[in-house]
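>>> predicted coordinates and the sequence they were generated for:
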2 protein chains.
Amino acid sequence: MKKHYLLTPGPTIIPQEITKAMAVPIIHHRTPQYRDIAKSVNENLKKIFKTKNDVLTFTASGTGAMEASIVNTLSRGDTAIVVIGGKFGERFAEICDSYGVHVLPIEIEWGTKPDPAAIEKVLKSNPHAKAVFMQLCETSTATVYDVKAIGEIVSKTDAILVVDVISGLGADDFYMDDWKVDIAIGGSQKAFMLPPGLSFCSVSKKARDLIKKSTLPKFYYDFKKYESLIEKSDTPWTPAITLVIGLDKALSMITEEGVDAFIKRHRADAEFLHDSVKELGLKLFSKSPSFAVTAVNIPEEIDTAKLIKALKAKDVTFAGGQAQLKGKIIRIAHMGGIMRPDLEHALKILKETLKSESLKV
Amino acid sequence: MKKHYLLTPGPTIIPQEITKAMAVPIIHHRTPQYRDIAKSVNENLKKIFKTKNDVLTFTASGTGAMEASIVNTLSRGDTAIVVIGGKFGERFAEICDSYGVHVLPIEIEWGTKPDPAAIEKVLKSNPHAKAVFMQLCETSTATVYDVKAIGEIVSKTDAILVVDVISGLGADDFYMDDWKVDIAIGGSQKAFMLPPGLSFCSVSKKARDLIKKSTLPKFYYDFKKYESLIEKSDTPWTPAITLVIGLDKALSMITEEGVDAFIKRHRADAEFLHDSVKELGLKLFSKSPSFAVTAVNIPEEIDTAKLIKALKAKDVTFAGGQAQLKGKIIRIAHMGGIMRPDLEHALKILKETLKSESLKV
């Protein structure tokens, strides 16, 4: 009998209440029963996105919703400013490239956050730029960006601000409306405590003008098709019914705890983890650590791949680094169904394992 | 204590073994554990698609995979022949339109199957047509098309044959390779006995040339991104892990029963249903009835909406007609987890309910 501690930044541990909710006999999606669920999901998602805008739910990974934010707002030949400070910033740029959207990259050192003044400067010298793309939490570096300051700047221009909040939402502070974000993109397998398979877009009024003018081709992700049905709580294509039912349960758990209390708990867990890791003599990789996931530098004398493997053998899974960070960091998630005792246990195992001579390079 | 009989053409009844498989603690997708599952899924899907080609799995509804088949093979301004005999034929045409692909529609009366000679004629007079799009089973009319005969014709041209087998696969005969189909598109919530959320594309060698030349923009659905990772049983984006685990279970159940026995059982159930419906004095809508789903004409003196509602109150759900068939037919699915006793029970309730005076127009 073993319990496995999956502390990766997606998927995260799924509470049994949610698993159970998804395990009931399936219902059809063109029924009042399902529409009630879809309605409650939309209303509760708004509370977490901190927005008055509807939140559209897609049957797709987060990348699908990232693509949706581009194909619905832009046209071939448009210019977009993209903050690139990790793998997911790169992804926005890659999607733009695929669609013939010209990218003005704001490349920042991985593990740092973008300087709002730099974005202001690029916007000023490129007033034709249609959109700024960035993350709330860049999952690959476990770094939280200053969306509020950047929202203030972008809101004074004609450009829209598109923020991938996939890993940050629910853990890092985020206020879509107050921070003047035009499109916020979420995903199911993070603080929402669900399996992967759903992603979200919430869209501001300001973005609507651009959406009207957008000529990039789209079908599955066409916002207009979703929006035309949302009043009836209906969807254009067959939705991932069981995941939406699970989401409804997750959202009722979050709103019962209280959205702000839920976020506060994440902050406390993150701070606990940050302190504990430092007590182990380790350093945080990020200069602006997220409250959703923490990247920890692994000393050069330790073989990171071996460390991750040794931890896994002891039933604790952390993610490693991606791309240029491979072999240099471990990433410990503390979001959604990952609770304080899980973190405490994982830290204990990490402490033990780090002592092992066999991990030395 | 009630059991609900969901006899709709997607979602279909999910066996408890599959629900249980999806309810175990979630695993991470970048692990040998998950890759073993993805590998087994690909191998078993091939057996059902009757192909040597890999079967790519997307986290998306069937419509997503339909879009994938277009954006990966065609370019703006290309011409495509689309068989339109129902809502899903229309969908192919709509997606083509959205991407600037010129559609040569082969419009057929709903409930009938396309005449292969008509397609041959259109192909001959339009040798520049790049692809023919059609269904195996047009779900909206419960009609099976003659893919084999059309495959023979298309294979002699430079065009590729793209077949939406979403609702037909596993119930209606289908042999991707023998029937010379170039792209076959499947979905999870039909004979695969799963919740919606996954869809599939299998791609022939002939289609590869077109894929190389295709300039339609794509990212999430880019076949090349999936194919570059399939040898490692890896996926470009986070997959819907629990659904893939459920699929693995479903496929092991199907292959244990034997793929051919599984299909034979569907045929027997369909024939039983067709006969039983006729015994009730009702007529089948389709002139080429599918073995996955049956459309039944409802006599004019009966209010179809009321009938469906009355049945639902007795815990039997059938689908109604879509678009021009609304109020005229009911559709009874007999695929996947829908077993003979479910059909027998539903027929009994249908027989009883039809006698009710309150349904008279």
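Sure thing, it's come through. Keep in mind the model is a prediction, meaning the values are calculated, not measured.
>>> going forward, measure contacts between C-alpha atoms and count neighbours the same way
Fine.
>>> domain parsing for chain A?
Taking automatic domain parsing as the reference, chain A has its domains at A:5-12+A:258-359, A:16-256.
>>> need the winner for burial among these.
Counting by mean count of other CA atoms under 10 Å in any protein chain shown, domain A:16-256 has the highest mean neighbour count of these, with a mean of 21.
>>> would a markdown table of the domains of chain A with distance to B:Ala261 be doable?
Formatted as a markdown table, those follow (distance: least, CA to CA, whole Å):
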| stretch | distance to B:Ala261 |
| --- | --- |
| domain A:5-12+A:258-359 | 37 |
| domain A:16-256 | 26 |
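>>> hey, what's the residue lying closest to A:Val203 once chain neighbours are set aside bridged with?
Distances taken as CA to CA, 6 or more residues apart in numbering or on different chains place A:Ile183 nearest to A:Val203, at 4.7 Å, with adjacent residues excluded. Here A:Ile183 sits in beta bridges with A:Val162, A:Val203, going by DSSP bridges.
>>> contacts only, for A:Ile183.
By CA atoms under 8 Å, 6 or more residues apart in numbering or on different chains, the residues touching A:Ile183 are A:Ser69, A:Ile160, A:Leu161, A:Val162, A:Val163, A:Cys201, A:Ser202, A:Val203, A:Ser204, A:Ala207.
>>> cutoff 6 Å now
Contact analysis of A:Ile183 by CA atoms under 6 Å, 6 or more residues apart in numbering or on different chains lists A:Val162, A:Ser202, A:Val203.
>>> tell me the one of these nearest A:Ile308?
Nearest to A:Ile308 among the contacts of A:Ile183: A:Val162, at 34.1 Å, using CA to CA.
>>> quick one: A:Gly185 is in a strand?
Gly isn't right for residue A:185; it's Ile. Yes - according to DSSP: H, G, I helix; E, B strand; the rest coil, A:Ile185 belongs to a strand.
>>> got a pLDDT number for it?
Among the per-residue scores, A:Ile185 shows a pLDDT of 98.
>>> surely it touches A:Ser167?
No - with contact defined as CA atoms under 6 Å, A:Ile185 does not count as touching A:Ser167 (9.8 Å).
>>> all strands for the stretch 251-361 of chain A, in order.
With DSSP state E, counting those that start in this stretch as the criterion, the stretch 251-361 of chain A has strands at A:283-284, A:293-297, A:316-317, A:319-320, A:329-333.
>>> can you give me the strands for the stretch 101-250 of chain A?
Assigned by DSSP E, counting those that start in this stretch, the strands in the stretch 101-250 of chain A fall at A:102-107, A:131-135, A:137-138, A:143-144, A:160-164, A:183-187, A:198-203.
>>> relative to A:Ile27, which of those strands is closest?
strand A:198-203 (17.8 Å).
>>> pLDDT averaged over the closest one, what's the number?
Per-residue scores along strand A:198-203 average to 98.
>>> now find how far off-centre it is within its chain.
11 Å (CA atoms, centre = their mean, to the nearest Å).
>>> and that strand with strand A:160-164, angle?
With axes from the mean of the first three to the mean of the last three CA atoms, to 10 degrees as the basis, strand A:198-203 and strand A:160-164 are set at 160 degrees to each other.
>>> which other helices and strands contact strand A:198-203?
strand A:55-59, strand A:183-187 (3 or more CA pairs under 6 Å, 6 or more residues apart in numbering or on different chains; DSSP states H and E).
>>> switch the strands of the stretch 101-250 of chain A over to a markdown table; also include distance to A:Ser61.
Formatted as a markdown table, the strands of the stretch 101-250 of chain A follow (distance: least, CA to CA, whole Å):
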| stretch | distance to A:Ser61 |
| --- | --- |
| strand A:102-107 | 23 |
| strand A:131-135 | 16 |
| strand A:137-138 | 16 |
| strand A:143-144 | 21 |
| strand A:160-164 | 12 |
| strand A:183-187 | 7 |
| strand A:198-203 | 6 |
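>>> can you pull out the helices in chain A?
A:16-22, A:32-49, A:62-71, A:87-98, A:116-125, A:147-155, A:205-213, A:223-230, A:241-257, A:259-279, A:304-313, A:340-354 (DSSP state H).
>>> would you mind giving these as JSON lines with distance to B:Ala319 added?
Below are these laid out as JSON lines (distance: least, CA to CA, whole Å):
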{"stretch": "helix A:16-22", "distance to B:Ala319": "23"}
{"stretch": "helix A:32-49", "distance to B:Ala319": "14"}
{"stretch": "helix A:62-71", "distance to B:Ala319": "30"}
{"stretch": "helix A:87-98", "distance to B:Ala319": "38"}
{"stretch": "helix A:116-125", "distance to B:Ala319": "53"}
{"stretch": "helix A:147-155", "distance to B:Ala319": "46"}
{"stretch": "helix A:205-213", "distance to B:Ala319": "35"}
{"stretch": "helix A:223-230", "distance to B:Ala319": "20"}
{"stretch": "helix A:241-257", "distance to B:Ala319": "17"}
{"stretch": "helix A:259-279", "distance to B:Ala319": "39"}
{"stretch": "helix A:304-313", "distance to B:Ala319": "48"}
{"stretch": "helix A:340-354", "distance to B:Ala319": "46"}
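>>> which stretch among those comes nearest B:Glu109?
The nearest among the helices of chain A, by CA to CA, is helix A:223-230 at 27.0 Å.
>>> list of residues touching the closest one?
A:Thr235.
>>> CA-only coordinates of it in PDB, if you can.
The C-alpha trace of helix A:223-230 is given here as PDB (Å, rounded to 0.1, in the frame of the first residue of the first chain):
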ATOM      1  CA  PHE A 223     -15.300  32.500 -30.000                       C
ATOM      2  CA  LYS A 224     -18.400  33.700 -31.900                       C
ATOM      3  CA  LYS A 225     -19.700  30.100 -32.100                       C
ATOM      4  CA  TYR A 226     -19.300  29.700 -28.300                       C
ATOM      5  CA  GLU A 227     -20.600  33.100 -27.400                       C
ATOM      6  CA  SER A 228     -23.800  32.700 -29.600                       C
ATOM      7  CA  LEU A 229     -24.800  29.800 -27.400                       C
ATOM      8  CA  ILE A 230     -23.500  30.800 -24.000                       C
END
